[in-house]
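**Q** Got a sequence here, can you build the structure:
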Amino acid sequence: MLITLKRFDAVKLDTGYILFLLFSYITGTVENLISVYLKSKNKMKLVALCGFVNTFVKCLSNVILLLIVKMGINGYMLSQIVGSIVSITIMTVGGKIVPDIIIGKWDSHVARTMVAYS
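**A** Numbering: from 1, shown residues only. Have a look, this model is predicted:
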C-alpha cells in the first residue's frame, strides 16, 4: 500500500520523519517495557507518577515548541519523544532497575525453561 501511495505522490517520505518515527517507536517501547517491569515489581505509584509527569512534559513542550518556537509538526513529534525520555529517566532512577539489568544475573537454566514453555 505504501508503494501505491508513494507512486501517486500521496505520501511524501522524508528521512527526518522516518527517523522521528523510529526514535518515537524505540522510546515508546522502552517506556512501555520499563512500565510493565515496574508493575511486576509492584511499584504502581511510580508508574502512575510517571504517567502524570509524561503528560505534563508533553503538554508543556508542545506549548513551547508549537507556540513559542513555532516548529510545527517537528515540534509536536519532538515533544512526544521528550516526554517519553523524561518518563524513562524517572522510572529508571526511581525504580532502581539498573541493578536488575546487569547481564551477570542471567540464569540460563531459567531462560531455557521459559523458551521451552513458550
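
**Q** and the closest residue to I34 other than its chain neighbours, how many neighbours?
**A** Nearest non-adjacent residue to I34, counting by CB to CB, 6 or more residues apart in numbering: M91, 4.7 Å away. Every residue, glycine included, has its C-beta placed from N, CA and C. M91 has 25 neighbouring residues, counting by other CB atoms under 10 Å.

**Q** thinking M91 is in contact with G51, fair?
**A** No - at 10.2 Å, M91 does not count as touching G51 under the criterion of CB atoms under 8 Å.

**Q** any common contacting residues for those two?
**A** Among the neighbours of M91, none is also in contact with G51 (CB atoms under 8 Å, 6 or more residues apart in numbering).

**Q** Only the buried residues of stretch 18-30, if you could.
**A** Within stretch 18-30, the residues that count as buried by 16 or more other CB atoms under 10 Å are 20, 23, 27-28, 30.

**Q** Could you list the low-confidence segments of the chain?
**A** For the chain, the stretches with pLDDT under 70 are 1-13, 103-105.

**Q** need the longest helix for it.
**A** helix 15-40 (DSSP state H).

**Q** Walking through this protein, point out its helices one by one.
**A** Taking DSSP H to define them, one finds helices in the chain at 2-7, 15-40, 44-62, 73-94, 98-101, 108-117.
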